[in-house]
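Engineer: Build me a model from this:
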Amino acid sequence: MNHNILHRQPQDTLHIEPTPRTAPVSPSVPPSPLEDRLVAWALARGGRLLVVDDSPTNRLLTAALMRKVGFTVDTADGGAEAVASVAAAEAPYDAVLMDVAMPEVDGIAATRAIRTMTGPRAAVPIIAVTAHGFAEDRDRCVVAGMNDYVPKPVRRPELLAALKRWLEPGMPEGDAVRRTNPAP
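Structural biologist: Prediction:
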């Protein structure tokens, strides 16, 4: 018989003090005033986005992040599905958040295919969302027709700032691109 086993009697109870509602569940950094303004802008503007990523986790997290700030979001798990979604959408998307490194049809090829479409679908702002952070990677995105670039891991303020640059009235249109500084 093992004498090291703890036996609990029915009268033993475990008492846990309730956590006050004001206590944070997990430590987090409060949003900055800039992030607050960007979230307010997104909630007021809304719109339809297409999130393209071959990673189910990245796709779901990015989509949830954008839904939380008021966007309607469709998803695609690769470049071929992204091209088909843009072409078949009842109304053009307001923007496409496009992963670059995907199997079969990558974000570069998908962007080039979208840019050959006619009408407003060809001019949809496409924002690269990728882990490739070197200057030459950004240049490939720009040459392919992407409008902006947000590095992974995605940070909500950076993504919202890129969307605002392209969705705010008076922002660049058509073939205009925003070149960002390469990562150090």
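
Engineer: what comes up buried for the lowest-mean-pLDDT helix or strand in the chain?
Structural biologist: Within the chain, judged by mean pLDDT, DSSP states H and E, the helix or strand with the poorest mean is helix 135-144; its value is a mean of 83. Neighbour counts over helix 135-144 (16 or more other C-beta atoms under 10 Å) mark 137-138, 140-142, 144 as buried. The C-beta positions use only the backbone N, C-alpha and C, and glycine is treated the same way.

Engineer: now stretch 77-89
Structural biologist: In stretch 77-89, counting by 16+ other C-beta under 10 Å, buried: 77-79, 81-83, 85-86.

Engineer: got a list of what the residue most central in space within the chain touches?
Structural biologist: By C-alpha atoms, centre = their mean, the mean C-alpha position of the chain lies nearest to residue 62, the distance being 3.7 Å. Residue 62 makes contacts with 51, 53, 97, 129, 154, 159, as judged by C-beta atoms under 8 Å, 6 or more residues apart in numbering.

Engineer: Just list whatever residues bridge to the first one.
Structural biologist: Right, residue 51. Following DSSP bridges, residue 51 is listed with bridge partners residue 75, residue 97.

Engineer: returning to what we had before: tabulate the buried residues of stretch 77-89 (JSON lines), appending secondary structure.
Structural biologist: JSON lines is the format used below for the buried residues of stretch 77-89 (DSSP: H, G, I helix; E, B strand; the rest coil):
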{"residue": "77", "secondary structure": "coil"}
{"residue": "78", "secondary structure": "coil"}
{"residue": "79", "secondary structure": "helix"}
{"residue": "81", "secondary structure": "helix"}
{"residue": "82", "secondary structure": "helix"}
{"residue": "83", "secondary structure": "helix"}
{"residue": "85", "secondary structure": "helix"}
{"residue": "86", "secondary structure": "helix"}
